[in-house]
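*Asks:* structural data only, the sequence is not supplied:
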Ligand code: DOR
């Protein structure tokens, strides 16, 4: 069995920073100690004081398989993921055909085997009509049930109140929701069209996909979860208004958890001027005050998870006018660098980054043996060099769509090395090793 010894690391794990060596044997972590002597046949990787973290578990990505593979696919986007220190991903059902049956789920797992560079799981999409599929779902068949409680890319809105109620009453696993109130958005669109005609400026996006629309929908989700004692995780929150819905209690006491995505922690509406439809996404990027409220909620525990909502579209698609440009942007390659810049600016701590990108995701979804740097756990790790700046350029993007809203931007840190299941899969700016992503296993249902 191969072994890898990482020495002189600044390990961030379970709320603490410590100097450590980590010995990996095969796929798992064998030993964590202040100093470990290398065995004769061990490959030694000197971390030279770089940060060592459990890899990010991104619970919200759109890798576009099947059917939308001109935008991205499991092979291309998982390569970008490991280049960004993301070692596991959970992929969304708004593909073609939509992932709304257990058979479609099984096809997706088959497609990922041998092609995903990071570990993977897939959501079952809820619809107005697939309650029987939902009820039949077994714990390890899906990471959760995705419910679009607001219309977005992919035409998967669940707007039948009866269907929605039954999903919350009967879902055998965690429900994750996209919350934006579509009737409010439709009214706002009509108002914008009356004011601007077909040429609505991008700056209207957060007024159309408004804070009120978000709050109306997330309030319904939280009410339903309380009424039916369902496990609910509300995805990609964007407003200060909604933060009142979520609790600061410890995770083990919560049935309802909350998430923010990196672009909503980084951008605010002032950037529509220079980035335009490139940063069009649903829910919309909102005000500077909203961004600050989200950062505070990450710090005080009302927000449990930080994810990406990586949603690639081609640049030609994104360059269309406001109503025609699809929502979503590619993010998975730079998520940890974004967060490390926020840490450099004292908005977050590195301990909080690890907690929200890895520990919390493993706990909330019940991911088996991942999400922590622990002896016996899978060796899913990332080394980050916070002394080495990194400029995003078209030439270093691994996305199939080949663009990023960060092109030309210099992050203060660099992803040095990523390890998945004990194998170095990214090092020194290059993909490395074999394709070793595995299907994630889950220990809990509802
Ligand atoms: O901006 C978004 N893009 N929000 C979503 O809900 C879907 C995603 C996509 O699939 O493009």
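*Replies:* Received it, and whenever you're ready, just let me know what you need. Given the structure is predicted, the values throughout are model-derived calculations rather than measurements.
*Asks:* got the residue ranges for the helices in this structure?
*Replies:* Ranges of helices in the chain, per DSSP state H, are 74-83, 102-112, 131-136, 161-170, 182-196, 205-208, 211-228, 262-266, 272-275, 288-300, 315-318, 335-344, 350-354, 360-365.
*Asks:* show me what the fourth one is packed up against.
*Replies:* Under the contact criterion of 3 or more CB pairs under 8 Å, 6 or more residues apart in numbering; DSSP states H and E, the helices and strands touching helix 161-170 comprise helix 131-136, strand 145-148, helix 211-228. C-beta here means a position set from N, CA and C on the backbone, and glycine is covered the same way.
*Asks:* out of these, which is closest to the ligand?
*Replies:* Counting by CB to the nearest ligand atom, the ligand lies closest to strand 145-148 out of those; the figure is 7.1 Å.
*Asks:* now the closest one, how far from the centre of its chain.
*Replies:* From the chain centre to the centre of strand 145-148 is a distance of 15 Å (CA atoms, centre = their mean, to the nearest Å).
*Asks:* touching the ligand at all, that strand?
*Replies:* No. Strand 145-148 does not reach the ligand (CB under 6 Å from any ligand atom); its nearest approach is 7.1 Å.
*Asks:* residues in contact with that strand?
*Replies:* For strand 145-148, the surrounding residues in contact (CB atoms under 8 Å, 6 or more residues apart in numbering) are 92-94, 123-126, 134, 137, 154, 156-158, 164, 167, 171, 173-178.
*Asks:* and stretch 199-216, by the same measure?
*Replies:* Taking CB under 8 Å, 6+ apart as the rule, stretch 199-216 contacts 150, 179-182, 184-185, 188-189, 192-193, 196, 237-242, 245, 269, 272-273, 276-277, 280, 282-287, 290, 321-323.
*Asks:* how far does that stretch stretch from start to finish?
*Replies:* 27 Å (CA to CA, to the nearest Å).
*Asks:* any idea how far residue 382 is from the residue of the stretch 1-150 of the chain found nearest the ligand?
*Replies:* Of all residues in the stretch 1-150 of the chain, the one sitting closest to the ligand is residue 62 (4.2 Å; CB to the nearest ligand atom). Distance of residue 62 to residue 382, given as CB to CB, to the nearest Å: 22 Å.
*Asks:* which parts of the stretch 101-250 of the chain sit against the ligand?
*Replies:* 152, 153, 154, 178.
*Asks:* the same query, at a cut-off of 5 Å, please.
*Replies:* Residues of the stretch 101-250 of the chain lying near the ligand by CB under 5 Å from any ligand atom: 152, 153.
*Asks:* list the contacts for the closest residue to residue 165 other than its chain neighbours?
*Replies:* Closest residue in space to residue 165, ignoring its immediate chain neighbours: residue 224 at 6.7 Å, by CB to CB, 6 or more residues apart in numbering. Residue 224 is in contact with 164, 165, 168, 230, 232, counting by CB under 8 Å, 6+ apart.
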